[in-house]
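Chemist: Following is a predicted model, sequence given first.
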Amino acid sequence: MQKLALGLGVMAVVAAAFAAPGQFVALGCGIAAVGAGLVAYRRRGESGGRRLAGAGAMMLGGVGLALGGVRVVLTIATIAHLERMLA
C-alpha cells in the first residue's frame with residue numbers, strides 16, 4: 001500500500017507540471033494518494049518506516065492536490081480576465 005500511495009503522490013506532483021489535462025490528473029492522483037497514504041499510515045501492525053512512507057505519501061498527495069487546484073483556479077481567472085477584455 002505504501003508503494004502505491006507514494007507512486008500516486010509523485011504522479012500528482014509531476015502531473016501538475018504538464019499541460020491541459022495535467023491539473024485534473026493531479027487532482028485525482030492527489031486525492032487518491034492522500035487516501036491511500038492515510039490507510040497505509042493507520043496500520044498499527046506495520047513498521048515505523050512503512051508508516052512514515054504512508055505519511056509522506058499523504059504529504060505528496062496534498063502538495064499535488066494543492067498544485068492542481070492552483071492551476072485550475074488560475075485557468076478560471078485567466079478565462080474570466082480574457083472575457084472581460086474582449087467584452
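Modeler: That came through fine.

Chemist: which strands and helices sit next to the lengthiest helix in the chain?
Modeler: With secondary structure taken from DSSP state H, the chain has its longest helix at helix 48-86. Packing partners of helix 48-86 (3 or more Cβ pairs under 8 Å, 6 or more residues apart in numbering; DSSP states H and E): helix 2-15, helix 22-41. In this view, the C-beta of every residue, glycine as well, is placed from N, C-alpha and C.

Chemist: The shortest one vs helix 48-86, what angle?
Modeler: Relative orientation of helix 2-15 with respect to helix 48-86: 20 degrees, computed using axes from the mean of the first three to the mean of the last three Cα atoms, to 10 degrees.

Chemist: Show residues contacting helix 2-15.
Modeler: Here helix 2-15 makes contact (Cβ atoms under 8 Å, 6 or more residues apart in numbering) with 22-23, 25-30, 32-33, 36-37, 39-40, 50, 53-54, 56-61, 63-65, 67-68.

Chemist: So for residue 82, which of the helices and strands packed on helix 48-86 sits nearest?
Modeler: Nearest to residue 82, of all the helices and strands packed on helix 48-86, is helix 22-41, at 17.9 Å by Cβ to Cβ.

Chemist: Can you name the residues in contact with the closest one?
Modeler: Taking Cβ under 8 Å, 6+ apart as the rule, helix 22-41 contacts 1-2, 4-6, 8-9, 11-13, 15-16, 18, 46, 50-51, 53-69, 71-72, 75.

Chemist: Filter these down to the buried ones and hand me the PyMOL line.
Modeler: Selecting only the buried entries of the contacts of helix 22-41 in PyMOL, with 16 or more other Cβ atoms under 10 Å as the criterion:
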select buried, resi 1+2+5+6+8+9+11+12+13+15+16+46+51+53+54+56+57+58+60+61+62+63+64+65+66+67+68+71
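
Chemist: which parts of stretch 21-39 are buried?
Modeler: By neighbour count with 16+ other Cβ under 10 Å, stretch 21-39 contains the buried residues 22-23, 25-34, 36-37, 39.
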